[in-house]
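Asker: show me the folded form of this:
(one chain, ligands or ions: 1)
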Amino acid sequence: MNRVEEFVAVERPGLEAAIRRLIEPLGPPLGSAAAYAVGAGGKRIRPLLTMAAHDAAIEGGYQAGDDDERTRLYRVAAAVELIHTYSLIHDDLPCMDDDALRRGLPTTHRVYGTTVATATGAALQQVAFLALGTAARTSPGLAAHLPLIVRRLAAAVGGEGMVGGQLLDLEAEGRAPDAAGLEAIHRAKTAALISAACALGGLVAGATPQAVRALGSYGAQLGLAFQMVDDLLDVTGDPSDMGKAVGVDQARFKATYPAVHGVDGTQEQARLAGDSALDELAELPGDQSVLVGMVDFVLDRMH
Ligand code: GRG
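Answerer: This is a model prediction of the structure:
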């Protein structure tokens with residue numbers, strides 16, 4: 001087992017329990033649709049990054065022992081995953097990408113209908129922000145950072161971040177994309193949330209502003225690399241491995257990295273973004289091994 005696999009084996013059960021606990025209070029049909037969407041699988045990259053970023057920001061590394069503190073971190077990490085889940089549910093809707101399959105299963109709106117799927121995405125955002133407040137309720141240390149945590153996450157997913165990026169992406173369909181426009185779309189649509197996931201881990205750890213900035217920059221670069229690889233897999237991937245149709249971006253004339261830089265150029269850009277991500281880790285005081293391994297994990301998906 002490599003370092004990332006070890007980390008996932010230790011942390012994923014706590015994370016999954018936190019995700020389940022957060023959506024439990026949603027009654028039917030929202031609760032069932034939310035459970036379907038989060039239960040359909042997923043790599044949990046963003047919340048695992050929140051946890052790994054937290055550990056990288058702790059002087060001397062995280063020492064197991066304070067269960068309450070870990071539970072609060074799981075809750076914050078789970079909130080990040082619920083925001084991601086909302087974005088996937090909405091991304092698949094007929095008014096957006098109109099996808100039938102996600103993670104090898106029918107998309108949420110194909111099972112629960114468009115109205116319930118739309119409402120579930122909206123409700124998951126509220127559940128995520130509620131979870132941040134709940135996590136801070138029992139910790140004066142975390143409560144002190146709550147305003148920043150909320151601002152960081154809200155900025156990442158709003159009009160200047162994920163939602164704005166999604167609109168730019170949809171507007172760019174069918175037009176010849178240029179390199180700068182492409183990066184602007186993906187910085188907002190994909191990298192902003194991954195960056196916030198990492199910064200939040202630092203904020204929960206009470207890291208210095210410099211460390212939080214470094215984690216955010218690491219996440220932004222990793223997020224760009226992640227999107228490049230995601231675009232490559234749409235060109236080169238196998239639908240049965242991907243759990244969704246491939247070749248879709250090209251068919252819709254989407255603004256993708258391979259469309260602008262070619263397959264080889266995109267691979268090269270992804271490696272460069274991975275290197276930039278690694279450069280940001282130099283000054284962090286804790287255990288950086290999982291964050292280093294995450295870069296390899298993202299880049300290895302290219303092959
Ligand atoms: C209301 C305009 C409006 C927008 C809603 C839909 C939306 C917000 C944003 C789209 C964000 C999005 C889907 C970005 C793509 C990011 C991406 C590459 C997702 C795939 O992530 P993985 O591979 O998925 O981590 P798993 O399945 O592993 O969780």
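Asker: and the contacts of the strand or helix carrying Gly181?
Answerer: Using DSSP states H and E, Gly181 maps to helix 179-186. Outside helix 179-186, the residues that touch it by CB atoms under 8 Å, 6 or more residues apart in numbering are Gly165, Leu168, Asp169, Ala172, Gly223, Leu224, Gln227, Ala255, Thr256, Tyr257, Val260, His261. In this view, the C-beta of every residue, glycine as well, is placed from N, C-alpha and C.
Asker: the spatially closest residue to the fifth one that is not a sequence neighbour and the ligand, how far apart?
Answerer: The shortest distance from Gly223 to any residue other than its chain neighbours is 2.9 Å, reached at Ala191 (CB to CB, 6 or more residues apart in numbering). Distance from Ala191 to the ligand, counting by CB to the nearest ligand atom, to the nearest Å: 9 Å.
Asker: isn't Ala191 up against Gly216?
Answerer: No. Using CB atoms under 8 Å, Ala191 makes no contact with Gly216, being 10.1 Å away.
Asker: can you name the residues that contact the closest residue to the ligand within the chain?
Answerer: Closest contact between the chain and the ligand, by CB to the nearest ligand atom, is at Gly42 (3.1 Å). Going by CB under 8 Å, 6+ apart, Gly42 touches Glu81, His84, Thr85, Arg103.
Asker: helix or strand for the second one, just tell me which one.
Answerer: For His84, the enclosing helix or strand under DSSP H and E is helix 67-91.
Asker: now do that helix: distance to the chain's middle.
Answerer: Computed by CA atoms, centre = their mean, to the nearest Å, the chain-centroid distance of helix 67-91 equals 9 Å.
Asker: does that helix reach the ligand?
Answerer: Yes. Remark: helix 67-91 sits within contact range of the ligand at Ser87, Leu88, His90, Asp91, by CB under 6 Å from any ligand atom.
Asker: let's have these in a markdown table, adding neighbour count.
Answerer: Listed next are the residues of helix 67-91 next to the ligand as a markdown table, based on neighbours: other CB atoms under 10 Å:
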| residue | neighbour count |
| --- | --- |
| Ser87 | 21 |
| Leu88 | 18 |
| His90 | 23 |
| Asp91 | 19 |
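Asker: between which two of those residues is the distance greatest?
Answerer: Spatial extent of those (CB to CB) is set by the pair Leu88 and His90 at 7.5 Å.
Asker: please enumerate the strands of the stretch 101-250 of the chain.
Answerer: 101-102, 105-106 (DSSP state E, counting those that start in this stretch).
Asker: so what strands line up beside the last one?
Answerer: Right, the one you point to is strand 105-106. Strand 105-106 pairs in its sheet with strand 101-102 (antiparallel), by DSSP bridges.
Asker: got the buried residues for stretch 10-19?
Answerer: Glu11, Gly14, Leu15, Glu16, Ala18, Ile19 (16 or more other CB atoms under 10 Å).
Asker: what does stretch 143-152 contact?
Answerer: 76, 129, 132-133, 136-137, 142, 196, 199-200, 203-204, 206, 216.
Asker: ok so, going back, let's have the contacts of helix 179-186 in JSON lines, adding pLDDT, neighbour count and distance to the ligand.
Answerer: Shown next, in JSON lines, are these (pLDDT from 0 to 100; neighbours: other CB atoms under 10 Å; distance: CB to the nearest ligand atom, whole Å):
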{"residue": "Gly165", "pLDDT": "97", "neighbour count": "23", "distance to the ligand": "7"}
{"residue": "Leu168", "pLDDT": "95", "neighbour count": "18", "distance to the ligand": "10"}
{"residue": "Asp169", "pLDDT": "93", "neighbour count": "22", "distance to the ligand": "8"}
{"residue": "Ala172", "pLDDT": "90", "neighbour count": "19", "distance to the ligand": "13"}
{"residue": "Gly223", "pLDDT": "98", "neighbour count": "28", "distance to the ligand": "9"}
{"residue": "Leu224", "pLDDT": "98", "neighbour count": "25", "distance to the ligand": "11"}
{"residue": "Gln227", "pLDDT": "97", "neighbour count": "26", "distance to the ligand": "6"}
{"residue": "Ala255", "pLDDT": "83", "neighbour count": "26", "distance to the ligand": "12"}
{"residue": "Thr256", "pLDDT": "91", "neighbour count": "25", "distance to the ligand": "11"}
{"residue": "Tyr257", "pLDDT": "95", "neighbour count": "28", "distance to the ligand": "12"}
{"residue": "Val260", "pLDDT": "92", "neighbour count": "19", "distance to the ligand": "17"}
{"residue": "His261", "pLDDT": "94", "neighbour count": "18", "distance to the ligand": "17"}
